[in-house]
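Novice: Okay, here's the prediction I keep looking at, along with the sequence it came from:
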Amino acid sequence: MNTGTVSVRYARALLRYAEERSEAEKVYAEMRILAGQLRAVRAIHERLADPTVKDTDKCRLLETAVTDGKSMLSESSAAFFRLVVGAGRGDCLLFMAVSYQDLYRRRNGIVPVELITAAPVGDERRTRLKQLVNDVEHGKVEWTHTVDPSIEGGFVLLVDGYRLDASVAWQLQRIRKELIEKNNRII
């Protein structure tokens, strides 16, 4: 079975279960943290895939990855981890967490917006960009800001799957491509 199909089915089931228990918002926050941890820490994947590690230890690892031992994991997420690990689907957890986030956002009218800049941006500029997006988008806007020096300058704005790329790196790439095309026509 396709990983995407499996992930969406598990995510739908988790969303329904969390809504029944009135924990959907908390689970959403936990799935955001889990997705970030799974992307950042390769060792979590290795432990989940290791057949010598007990299921209880895998669930404890996931709980620690989400809470850092500072807060309690929601019962919905704990039950979900037990179900997924017990079914041997730990390798799909990142896809499940991302699918849950997508489903939750759609259901609650949340628009994800990510601003990527080459250097930290001042509050005034960030506020102006937020206001521009809020004027265009209807619903709740969920902002994230990342600094990525590889774009060399400018910014990239990702709004619900759409990309506005005003980065220096993209402009240099476009100029390079145009020069190569012109050079190939001359030869």
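Specialist: Looks like it arrived, so ask away. Numbering: from 1, shown residues only.

Novice: rest of the way, CA atoms for contacts and neighbours
Specialist: Will do.

Novice: got the buried residues for the helix or strand bottoming out on mean pLDDT in the chain?
Specialist: When each helix and strand of the chain is scored by mean pLDDT, DSSP states H and E, helix 123-136 comes last, with a mean of 81. Applying a neighbour-count criterion of 16 or more other C-alpha atoms under 10 Å, one finds Lys130, Val133 buried in helix 123-136.

Novice: after that helix comes which helix or strand?
Specialist: Following helix 123-136 in sequence order, the next helix or strand is strand 140-147 (DSSP states H and E).

Novice: Run through the neighbouring helices and strands of that following strand.
Specialist: strand 110-117 (3 or more C-alpha pairs under 8 Å, 6 or more residues apart in numbering; DSSP states H and E).

Novice: and the strand it packs on, which strands flank it?
Specialist: strand 140-147 (parallel), strand 154-159 (antiparallel) (DSSP bridges).

Novice: And these: which comes nearest Arg106?
Specialist: Among those, strand 140-147 comes nearest to Arg106, with 10.7 Å by C-alpha to C-alpha.

Novice: CA-only coordinates of the closest one in PDB, if you can.
Specialist: Only the C-alpha atoms of strand 140-147 are listed here, as PDB (Å, rounded to 0.1, in the frame of the first residue of the first chain):
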ATOM      1  CA  LYS A 140      -6.400  32.300  10.500                       C
ATOM      2  CA  VAL A 141      -2.800  32.800   9.300                       C
ATOM      3  CA  GLU A 142      -0.200  30.600  10.900                       C
ATOM      4  CA  TRP A 143       3.300  32.300  10.600                       C
ATOM      5  CA  THR A 144       6.700  30.800  10.700                       C
ATOM      6  CA  HIS A 145       9.900  32.600   9.900                       C
ATOM      7  CA  THR A 146      13.200  30.900   9.000                       C
ATOM      8  CA  VAL A 147      16.600  32.300   8.300                       C
END
